[in-house]
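S.K.: what shape does this take:
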Amino acid sequence: MADEMDFKMEDFDDIDMDDWGDDEVQGGESVEEEDFLEGMEPSKKSMTIFFLIDTSGSMGGTKIGTVNATMEELLPELIGLGGTETDISIAAMRYDSTVSWITPEPMRVEEYQIWPRQSANGMTAMGAAFEELNRKLSRSAFMNKPSLSFAPVIFLMSDGAPNDDWRKGLTLLKKNSWYKYDLKIAVGIGSAPNMDVLREFTGDPELAIQAHGAEELKRLIQFLAVTSSQIGSKSMSLTDDGRELTAEDVAGSKKEQLKEAVVDLMDNEFADADDMDFDAGW
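M.R.: Just a heads-up that it's a prediction; the model follows:
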């Protein structure tokens, strides 16, 4: 059931949530829901960008300060990126010893322009963060927009290694239909992130990037958030030869576009990054 997807032909990559089962999302339990959204036609399509932000104790000082300052500057830049036909929303989570949502629900960027500055303390419950994300990536939770939505963007940040069972959480998350088709990006911060975990999260080593210092982290967050939002909210329907795209085609094409943009950025703007001190500027 979780692998079944229907698309309207005029927007072949938009996800018809009424045909997405929640059986795998809820850990194997089938959930009955009222079809209260049936027949509602949205004026716009929607796309949500999720930020999963490490706020453990090692993020204290300049690291969390850079994230806070960058998010404050980023929010205005996201306004209008979806054009006239797509609303972009923000869903932000913090995870340390516990997991909590900074946004209680996805917020339209036009209506969410004040970033609540975060502090850092505790451990790194990344596995619990994955499990909580899985719960919210459901049409009965955060993905409950009427009718059509683009697959979301998920942006993970961490400066260390998980202190809990991250494999259990990620295994559960990988069964989620939304997760299968979304754009996934990860930024490792400083000298000590577990990049193997971040690469497994994205499913592609080129979409897990390590930031050496504060300025590089700021640039990466801004570039990746804006670029992934632009790519993720783009409608795609046909190939150059007129063939209709499948959901897998669309997800693969958008992932390749993001990879190309990331490789170009790293080759041109951060070509000398490997020669930098990983903790310079913190």
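
S.K.: lowest-pLDDT helix or strand in this structure?
M.R.: Of all helical and strand segments in the chain, the minimum by mean pLDDT, DSSP states H and E falls on strand 15-16, at a mean of 46.

S.K.: right, and the helix or strand after that one?
M.R.: strand 45-54 (DSSP states H and E).

S.K.: and that following strand, what's its mean pLDDT?
M.R.: For strand 45-54, the mean pLDDT works out to 95.

S.K.: any buried residues in that strand, and which?
M.R.: Using 16 or more other C-beta atoms under 10 Å as the test for burial, strand 45-54 gives 45, 46, 47, 48, 49, 50, 51, 52, 53, 54. Every C-beta, even on glycine, is put in place using the N, C-alpha and C of the backbone.

S.K.: how about those residues in TSV, adding distance to residue 80?
M.R.: Output for the buried residues of strand 45-54, formatted as TSV (distance: C-beta to C-beta, whole Å):
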residue	distance to residue 80
45	14
46	14
47	13
48	16
49	14
50	20
51	19
52	24
53	24
54	29
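
S.K.: now the strands for the stretch 51-200 of the chain?
M.R.: Remark: strands assigned in the stretch 51-200 of the chain by DSSP state E, counting those that start in this stretch are 86-95, 99-101, 107-108, 148-149, 153-158, 183-189.

S.K.: which among these is found nearest to residue 231?
M.R.: The closest of these to residue 231 is strand 183-189. By C-beta to C-beta, the value is 6.8 Å.

S.K.: pairing partners for the closest one, with directions?
M.R.: When sheet partners are counted by DSSP bridges, strand 183-189 sits next to strand 153-158 (parallel), strand 208-211 (parallel).

S.K.: related to what we said a few turns ago, where among the strands of the stretch 51-200 of the chain is average confidence lowest?
M.R.: strand 148-149 (a mean of 76).

S.K.: pLDDT (mean, whole number) over the lengthiest helix in the chain?
M.R.: If you go by DSSP state H, the chain has its longest helix at helix 247-268. If you average the pLDDT over helix 247-268, you get 90.

S.K.: ok now that helix, how far from the chain's centre?
M.R.: With C-alpha atoms, centre = their mean, to the nearest Å as the basis, helix 247-268 stands 14 Å off its chain's centre.

S.K.: same question for that helix: list its buried residues.
M.R.: Buried residues in helix 247-268 (16+ other C-beta under 10 Å): 247, 250, 251, 253, 254, 255, 257, 258, 261, 262, 265.

S.K.: out of those residues, which is nearest to residue 193?
M.R.: residue 262 (16.8 Å).

S.K.: what is the burial count for the nearest residue to the closest one once chain neighbours are set aside?
M.R.: Nearest non-adjacent residue to residue 262, counting by C-beta to C-beta, 6 or more residues apart in numbering: residue 206, 6.0 Å away. Neighbour count for residue 206, taken as other C-beta atoms under 10 Å: 14.

S.K.: got it, and residue 104?
M.R.: Considering only other C-beta under 10 Å, residue 104 is surrounded by 9 other residues.

S.K.: state the distance from the spatially most central residue of the chain to residue 119.
M.R.: Nearest to the mean C-alpha position of the chain, by C-alpha atoms, centre = their mean, lies residue 154 at 0.9 Å. With the distance defined as C-beta to C-beta, to the nearest Å, residue 154 ends up 23 Å from residue 119.
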